[in-house]
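I'd like to go over a predicted model; first the sequence, then the structure.
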Amino acid sequence: MHNDEKPRVFQSYPEIEDLPMHENPQPNEINPDSDVIIGLEIHVQLNKLKSKLFCGCSTSYHNSEPNTHTCPVCLGLPGSLPALNKKAVEFGIKVALALECKLLDQTLFYRKNYFYPDLPKGYQISQYDFPLAKDGRVTITTDAGEKVIRINRVHIEEDPAKLMHIGGMGHSKYTLVDYNRSGMPLLEIVTEPDLRSPKEARRFLDKLRSILDYLDVFDGNLEGAMRIDANISLKGGGRTEVKNISSHKGVEKALLYEKTRHKNLRMKNIHIKRETRHYDEQRGITILLRTKEEEEDYRYFPEPDIPLMNVKEWETRLRNEIPELPDAKRQRFIKEYGIKEEHARSLTSDIAIANYFEIISKEIDPSVAASWIADVVKGELNYRDINIKESNLTADKMIRILKKFVLGEITDRNMVELIREIIDSGKDPEEIIKKRGFGKVGEDEVLLLVKKVIEENPDAVKDYRNKNDKALNYLVGKVMALSKGRSDPKEVINLLRKYI
Amino acid sequence: MKSFKRGIEGFKDIVNNGETEETISKLIDKINKSRLNAFITIRKEAIEDAKKIDKGEVERKGRLLGVPIAVKDNISTKGIETTCASKMLKGYIPPFDATIIEKLKREGGIIIGKTNMDEFAMGSTTETSFFGPTLNPWKNDRVPGGSSGGSAAAVAAGECMVALGTDTGGSVRCPSSFCGIIGIKPTYGLVSRYGLIAYASSIECIGSMATSIKDAETVLNIISGKDPKDSTSISLEDREKIINNHKTDKSKRKKRIGVLTTLFNDNSIDKDVLNSVWNAIYKLDDLGIEYKEIDLPNIRYALPSYYIISMSEASSNLARFDGTHYGFSLDEELNWDSTFSKIRKKGFGREVKRRVLMGTFALSAGYYGRYYLKALKIRSMIIDDFNNIFDKEKLDTIVTPTMPYKPFRLGEKIDDPVSMYLSDIFTVPVNLAGLPSLNITCGFSEGLPIGMQLIGKAFCEPDIIDIAKIYELNTNYQKKVWELF
Ligand SMILES: [Zn+2]
């Protein structure tokens, strides 16, 4: 790409003085503000790109037979060379800009050298000094209010192949290698150690995921789309790293486990060693993988097959391609629709829900729509672990039932039932209302029921006249029962007061 | 193969007379009977390819129609075993052609075989090959140079018409000098490296070898150009721009060469070599090309810088050879890490292991800054040195001997790696700077050829080719190789 602009006489490296010697960076481990110090490294697979990072192989391998999406480049055959997918760099820049990072003037790929069966070249093409971008920030909501989490860096690298053990790791005699994943574009996002609790870590990941969804750079539902390494230490203590966790909740649980483990060790006066651990999702515990002494020396050096890039020139163009992000959308929703802050926050945390809300708000009072979508629909979707697009509750159906609700034709309680049944069955709302009798009982009918209840419960009526409020509730309940919940409690109370 | 004297141009008559099959057949026969061991793989299917040309089954076009080409065995050829002269890759049949192989085939060229070399191109004598050494066609007790020794010997002995070599620290020019042929190492980036099995990625180039400057130039022109599969390659349009930038008022003045005399004073340089090169310079002077003595101040650091960079890159490039996919493998069932180390222990030869280990060391934490970064710094200084002197003295080329010695005896240097590394003193700085250079024969001593190196500005191959053509036209040294045909 950089070749097009001006003829390059010879591949040269950045000013050598700029190249620091790569001793192990010492993270800021001690922070007097808090007990627990957490930093995250998140690997995001840019699986919405059409082709892999360095070859033309398709990225949509998730439902394919093993080793069907390969070529000499991603198999690392002798003589093959990487040809960088420019689009992957663009995706990376967009993410970096959305995380408010600064792009570097020059960015460079490095080789990370180590032997492992999932690495066909014996090295991974990654970045080291001169990553794509540095120094960003993400604002999250914690129990104590808003908080800024600093982003250390964003860089691009290739995914290794996938190792498979038929019958499980302990049982298989062989390791099989599937190279479909080899060379997939990965973005590594590294936070500063700014997180102070496992819960904050999860909140951060939720926010990050939301931003990535807004940018439309990855499909988080595909296997291996997001993999997280979590670093944790207690104030003044050693740091451990839990590798390769695949879910946000998994990160929270693994960190809770580690936090307790660190505290227990400290109480017993046992020094916490720098080590890498694995999170066993089934058992909910972390297991030692290797200690600091066993860490590899990756012998990073600049990748000679990929020329230096000047991506700064792309910044303006790519910045214009970034859509409205969650924080901005939330502010706009509050201002434009006059909805509550917490509703706006909930709606904008998911781009699909935010868009859904905006469609519905064209025909329904936004406050009503916001409340039903944020308080009820989202909960029902979470409970079923599906997203709005996968559910049967289309915006059109939601508009239809909300219209009936606004007219008072359906009660609150029946609305919830109705929403659940539409999500589960996909049937037409009108059909369900008719079949389940969710429509409200007419006023005349309610009056008849009220009169009947007064007649049949003379003791309760007497108690009510003696200023016993519980008796009124009792009578309301009777009426509601007779109408099978189809009457409005407020209306019933008014009628009871009037006729007793 | 006396008919080969007329080169690529002359081969058109062979094709037009319908004698392609006969010629290729005879050639295969000759290679089979040869004692030089220039080839690792002889491609008998070449006869079939030739037959198709005679029968008119292929379109009669292409600048290399029917021309038998020998390809160094570290260049990936689809369906033809490609070994890098290593036990590690024995039996490896690549599923793809290097970009340059595709280009040569498109021009009608016939691959006659894969040539011997130092294992993974690490050496200057072709003695580290797993398949045994290649002999020098001039004197069979001498090495042909390396690492592209098989290609050079094959060209010199008329066992092919042209050949491809690769040049990391002199591997095209050194054997060309020792075998008395033309070898061109182009500017880094002019020729795609896609399909070249990497040794030192930031330094190495594929180059052309022939008995005349014209044939070497023809092949080079065919394989040059931007390849989307090699991000470090450059388009011919961009190259044109660079050449034009240098062209200011050049036509008005005399051509001028720089003579790197500061390196000539070293006593270890063979006197016959120095005399021949000086005679060539005087000859060029007579022909109207003036010379100027020059110095490159940092050139004495070139060898350590080169060996650190090339070995470091080698340690990474050769990491992929673990026996899991292709080539050498074990019959035992061991853990992956034991398997990897055992395969690498048994599959690589001594020189390869030496360089991989030294490269691994140079890149290690704590040493990286002391060795690798320092080597890169020297490299930048050497690039600046060349640029400055070309600019300041308005040079078209810089002249040096290609090799400081005449061809060694077999076995003479193999156990003395340091002395062997020192023999790259004239060739290595050129690779570090990524510049083009070529070897042309400029004399003989004891029946062995002596080569002169012409170094050019980046992407200005035409400058050095022009001067080489003038020299070739006005002397008889280069033509002497035809006596070996
Ligand atoms: Zn591929």
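Cool, got the structure.

for the record, mean pLDDT for the longest strand seen in chain A?
Scanning chain A for the longest strand, with DSSP state E as the assignment, gives strand A:145-158. What strand A:145-158 shows for mean pLDDT is 96.

got it, and stretch B:359-374?
92.

can you tell me if that stretch touches chain A.
Yes - contact of stretch B:359-374 with chain A (C-beta under 8 Å from any C-beta of the partner chain) involves B:360, B:363-366, B:368-369, B:372-373. Backbone N, C-alpha and C define where each C-beta goes, glycine included.

May I have that stretch exported as CSV, CA atoms only?
Extracted in CSV, the C-alpha atoms of stretch B:359-374 (Å, rounded to 0.1, in the frame of the first residue of the first chain):
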residue,chain,number,x,y,z
GLY,B,359,21.2,-15.8,15.2
THR,B,360,19.1,-17.0,18.1
PHE,B,361,21.7,-15.7,20.5
ALA,B,362,22.0,-12.4,18.8
LEU,B,363,18.2,-11.8,19.1
SER,B,364,18.0,-12.9,22.7
ALA,B,365,16.8,-10.5,25.4
GLY,B,366,19.8,-8.5,26.7
TYR,B,367,21.8,-9.1,23.5
TYR,B,368,19.4,-7.8,20.9
GLY,B,369,20.5,-4.2,21.5
ARG,B,370,24.1,-5.0,21.6
TYR,B,371,24.1,-7.1,18.4
TYR,B,372,21.0,-6.8,16.2
LEU,B,373,20.3,-3.1,16.7
LYS,B,374,23.9,-2.2,16.3
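
Now do that stretch: distance to the chain's middle.
28 Å (C-alpha atoms, centre = their mean, to the nearest Å).

do stretch B:277-294 as well
Taking mean C-alpha positions (C-alpha atoms, centre = their mean), stretch B:277-294 and its chain are 25 Å apart.

If you count neighbours, what's buried in it?
Across stretch B:277-294, burial judged by 16 or more other C-beta atoms under 10 Å in any protein chain shown covers B:277-281, B:283-284, B:289, B:291, B:294.

residues contacting residue 426?
With no chain named, the answer covers chain A. Counting by C-beta atoms under 8 Å, 6 or more residues apart in numbering or on different chains, residue A:426 touches residue A:392.

wait, I meant chain B there
By C-beta under 8 Å, 6+ apart, the residues touching residue B:426 are B:170, B:260, B:263, B:400-404, B:453.

Which one (most neighbours) among the residues you listed?
The most crowded member of the contacts of residue B:426, judged by other C-beta atoms under 10 Å in any protein chain shown, is residue B:170 (31 neighbours).

Same question for residue B:208, what's its three-state structure.
Here residue B:208 is recorded as strand under DSSP: H, G, I helix; E, B strand; the rest coil.

Against residue B:61, how distant is it?
To residue B:61, residue B:208 is 21 Å away according to C-beta to C-beta, to the nearest Å.

Out of the two, name the residue with the larger neighbour count.
The residue with more neighbours, out of residue B:208 and residue B:61, is residue B:208; 31 against 9, by other C-beta under 10 Å.

in the sheet, who's paired with the more buried one?
The partner list for residue B:208 in beta bridges (DSSP bridges) reads residue B:164, residue B:184.

okay, it: pLDDT?
Confidence score, pLDDT, at residue B:208: 98.

For it, which residues are in contact?
B:162-165, B:183-184, B:215-217, B:219-220, B:223.

quick one on the thing from earlier: of the residues of stretch B:359-374 next to chain A, just say which sits nearest to residue A:345.
Relative to residue A:345, the closest of the residues of stretch B:359-374 next to chain A is residue B:365; by C-beta to C-beta it sits at 45.4 Å.

related to what we said a few turns ago, give me the subset of the buried residues of stretch B:277-294 lying in helices.
B:277-281, B:283-284 (DSSP state H).

On the pLDDT front, check residue A:481 for me.
pLDDT recorded at residue A:481 is 80.

element containing it?
Using DSSP states H and E, residue A:481 falls within helix A:469-482.

In that helix, which residues are buried?
Buried-residue list, helix A:469-482, by 16+ other C-beta under 10 Å: A:471-472, A:474-476, A:478-480, A:482.

ok, which of the residues you listed also contact the ion?
Applying C-beta under 5 Å from the ion, the subset of the buried residues of helix A:469-482 adjacent to the ion is empty.

Check these against chain B and report the nearest one.
residue A:480 (69.3 Å; C-beta to the nearest C-beta).

need the longest helix for chain B.
When chain B is parsed with DSSP H, its longest helix is helix B:374-392.

Partner strands of the next helix or strand after that one and their direction?
Sequence-wise, the next helix or strand downstream of helix B:374-392 (DSSP H and E) is strand B:397-401. Strand B:397-401 has the following sheet partners, assigned by DSSP bridges: strand B:256-259 (parallel), strand B:448-455 (antiparallel).

Looks like residue B:163 contacts residue B:206 (just checking).
No - Residue B:163 is not in contact with residue B:206 according to C-beta atoms under 8 Å; the separation is 11.0 Å.

which residues are in contact with stretch B:387-400?
Outside stretch B:387-400, the residues that reach it (C-beta under 8 Å, 6+ apart) are B:253, B:255-260, B:263, B:277, B:280-281, B:289, B:291-292, B:294, B:296, B:386, B:426, B:452-457, B:463-464, B:466-467.

ok, back up a step: using JSON lines, please lay out the buried residues of helix A:469-482 together with distance to chain B.
Conversion of these to JSON lines gives the following (distance: C-beta to the nearest C-beta, whole Å):
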{"residue": "A:471", "distance to chain B": "79"}
{"residue": "A:472", "distance to chain B": "77"}
{"residue": "A:474", "distance to chain B": "75"}
{"residue": "A:475", "distance to chain B": "77"}
{"residue": "A:476", "distance to chain B": "73"}
{"residue": "A:478", "distance to chain B": "75"}
{"residue": "A:479", "distance to chain B": "75"}
{"residue": "A:480", "distance to chain B": "69"}
{"residue": "A:482", "distance to chain B": "74"}
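
Tell me the one of these nearest the ion?
The ion lies nearest to residue A:480 out of the buried residues of helix A:469-482, by C-beta to the ion, at 65.5 Å.

wait, isn't the closest one in contact with residue A:488?
No - using C-beta under 8 Å, residue A:480 is not in contact with residue A:488; the gap is 9.5 Å.

coming back round to it: which pair in the contacts of residue B:208 spans the largest distance?
Every pair of the contacts of residue B:208 checked by C-beta to C-beta; the farthest is B:165 and B:217, at 15.0 Å.
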